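> Okay, predicted coordinates and the sequence, questions at the end:
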Amino acid sequence: MSILLLKDNVGLNGTHEETIYMCENDDYYVPFKYILYKNLDINIKTNIDYFINKYPKYNIVIDSRMVKTITYISNIVNDILIYSINNNEIISLTNFVMDKIGSSTILHVSECVSILNLFVFINYYCNNKPSWNCDIALKSIFHIPFLPNTLYIPSICEYINSYNNQNKIIMKANYININELIKIQDNIQPFKANVNDILYSLKYLNSQSNYILF
């Protein structure tokens with residue numbers, strides 16, 4: 001099934017008779033009847049392919065711990081249903097993002113996706129170095145041009161620079177192929193690089209294009 005056909009069905013999640021529950025571990029009580037889909041959160045491509053195939057015929061609820069899967073799928077559709085294991089209830093993407101990033105600011109859907117992309121980039125790919133700061137993150141993503149399935153490089157650089165109060169890159173920084181590492185694939189892994197290497201690589205990519213495509 002193509003992404004185009006999937007978008008023709010946007011808005012139908014929650015209207016079907018049967019429900020699929022996507023999770024990494026089914027170790028919490030879920031108070032509704034469901035068909036279990038169990039896979040690792042790092043297997044992005046397999047999870048997206050499954051979601052796209054099942055979306056037109058089933059309600060799909062995703063475990064709130066599958067942050068990476070939710071993030072990548074949110075760039076395709078945004079009527080995602082998420083089961084919050086903290087509150088034992090089904091929540092929207094907007095509520096999930098505000099809870100996850102620690103924000104009380106009301107965000108538009110595109111801003112939710114942008115900041116969720118940034119959250120996974122910092123929290124997962126960068127191993128939370130620099131650590132997550134909601135106020136800095138919100139400042140860096142407001143009023144940026146949004147394109148789905150992308151990371152806007154200037155906002156990431158602004159976040160890292162603001163947090164570390166640094167704008168200079170050491171001369172011996174090593175380039176890492178961020179484009180390849182964050183693209184949609186299975187078994188995604190954190191960067192094996194320090195902050196200087198990441199910032200150096202981002203600035204090089206930014207000289208070619210403002211966006212990194214998943």
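Done, it's in.

> To what extent is Lys139 buried, counted in neighbours?
14 (other CB atoms under 10 Å). Quick note: C-beta positions are derived from backbone N, CA and C, even for glycine.

> wait, doesn't it sit right on Asn133?
No: applying CB atoms under 8 Å, one finds Lys139 not in contact with Asn133, separated by 9.5 Å.

> Please, where are all the strands along this structure?
19-23, 35-38, 59-63, 81-84, 89-91, 150-152, 211-213 (DSSP state E).

> most packed of the ones you listed?
strand 59-63 (a mean of 23; mean count of other CB atoms under 10 Å).

> Sheet-wise, list the partners of that strand with their directions.
Neighbouring strands of strand 59-63 in its sheet, by DSSP bridges, are strand 19-23 (parallel), strand 81-84 (parallel).

> need the ones you listed in JSON lines with mean pLDDT and distance to Leu107, can you?
JSON lines is the format used below for these (pLDDT from 0 to 100; distance: least, CB to CB, whole Å):
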{"stretch": "strand 19-23", "mean pLDDT": "97", "distance to Leu107": "24"}
{"stretch": "strand 81-84", "mean pLDDT": "95", "distance to Leu107": "15"}
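
> quick one: which of those is nearest Ser114?
Ser114 lies closest to strand 81-84 among these, at 17.7 Å (CB to CB).

> follow-up on the earlier one: could you export the strands paired with strand 59-63 as TSV, including distance to Ile60?
Formatted as TSV, the strands paired with strand 59-63 follow (distance: least, CB to CB, whole Å):
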stretch	distance to Ile60
strand 19-23	5
strand 81-84	7
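
> among those strands, which is nearest Thr94?
Closest among the strands paired with strand 59-63, using CB to CB: strand 81-84, at 10.2 Å.

> Take that closest one, keep the C-alpha atoms, and write them as CSV.
Written as CSV, here are the backbone C-alpha positions of strand 81-84 (Å, rounded to 0.1, in the frame of the first residue of the first chain):
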residue,chain,number,x,y,z
LEU,A,81,-4.1,6.7,18.8
ILE,A,82,-1.6,6.2,21.7
TYR,A,83,-2.2,4.1,24.8
SER,A,84,-0.7,6.0,27.8
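
> Please compute how far that strand lies from its chain's middle.
How far strand 81-84 lies from its chain's middle: 15 Å, per CA atoms, centre = their mean, to the nearest Å.

> Need the residue closest to the centroid of the chain.
Thr71 (2.4 Å; CA atoms, centre = their mean).

> Name the residues of stretch 73-89 that come out as buried.
Ile73, Ser74, Asn75, Ile76, Val77, Asn78, Asp79, Ile80, Leu81, Ile82, Tyr83, Ser84 (16 or more other CB atoms under 10 Å).
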